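>>> Just the structure for this:
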Amino acid sequence: MEQPDHPPAGEVSSESAPSYAMKLEVVVIPVADVDAAKAFYARLGWRLDADKTSGHTFRLVQFTPPGSCCSVQFGTGLTGAAPGSAQGLHLVVSDVPAVRNDLVRRGVDVGPVFHCASGFACRFPGNDEQLPGPHPDRATYGSFFSFPDPDGNTWIVQEITTRLPGRVSVGVVTFASAHVLSQALARVAASASEGSPAIDLGWADRVASSLIAQYADGVAHS
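Residues are numbered from 1 along each chain as shown. Next up, the predicted model:
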């Protein structure tokens, strides 16, 4: 059978983005005590999507962080990795101190807020010096804290308020909530109507809620 032709290595430019979407859907984290992990991630306020079993050798639990398009899974029979070996998992937020305060209120054991003496690499062990508190200029990408789950899998929370150039794909843009989408729609409408009679921007809330509802029902999936 004739095999399809493949271009020689190096002929495809790294600048030519694929025309299709390839979205990170799930990250599997290794745990020893599934029930303890489930209770922990529920305490974070993450959405429980599934808790499925098959006999005595398989169990899959899935949670999704608020506003995230990617979920985490753990359970029995999912991975051969050692419990607690997932390190440096990143969560992105717009206000690190506020999120840390919320997790403390939820009873989560979290580390202090810190920033790097220079650059951003201090969030990884053995790199640069960690200084207390958020970045003095609240520079995007510059403020952090971390916390472990019951098995020692570690999460790094990073504050990002503006993405670096080239980090947002104009063909695939997501919104964290109906409220955020509504605000974006309202800004576009206000800009378009500048100099014209005032318009009722309440439609933005209605449109955003309708779009989110359709997406959640699978109507808008492509």
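>>> can you map out the strands along this protein?
Across the chain, reading from the start of the chain, the strands by DSSP state E fall at 26-28, 47-54, 58-64, 71-76, 89-93, 114-116, 130-132, 144-148, 154-159.
>>> can I get those in JSON lines with mean neighbour count?
Every residue, glycine included, has its C-beta placed from N, CA and C. Converted to JSON lines, the strands of the chain look like this (neighbours: other CB atoms under 10 Å):
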{"stretch": "strand 26-28", "mean neighbour count": "13"}
{"stretch": "strand 47-54", "mean neighbour count": "12"}
{"stretch": "strand 58-64", "mean neighbour count": "19"}
{"stretch": "strand 71-76", "mean neighbour count": "20"}
{"stretch": "strand 89-93", "mean neighbour count": "16"}
{"stretch": "strand 114-116", "mean neighbour count": "21"}
{"stretch": "strand 130-132", "mean neighbour count": "12"}
{"stretch": "strand 144-148", "mean neighbour count": "20"}
{"stretch": "strand 154-159", "mean neighbour count": "20"}
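>>> measure the closest residue to residue 52 other than its chain neighbours to residue 48 for me?
Sequence neighbours aside, residue 60 is the residue nearest to residue 52 in space, at 4.9 Å (criterion: CB to CB, 6 or more residues apart in numbering). Distance of residue 60 to residue 48, computed by CB to CB, to the nearest Å: 12 Å.
>>> go on, residue 94?
When distance is defined by CB to CB, residue 94 is 24 Å away from residue 48.
>>> which residue is nearest the middle of the protein?
Note on the chain: the residue nearest the mean C-alpha position is residue 68, at 4.3 Å, using CA atoms, centre = their mean.
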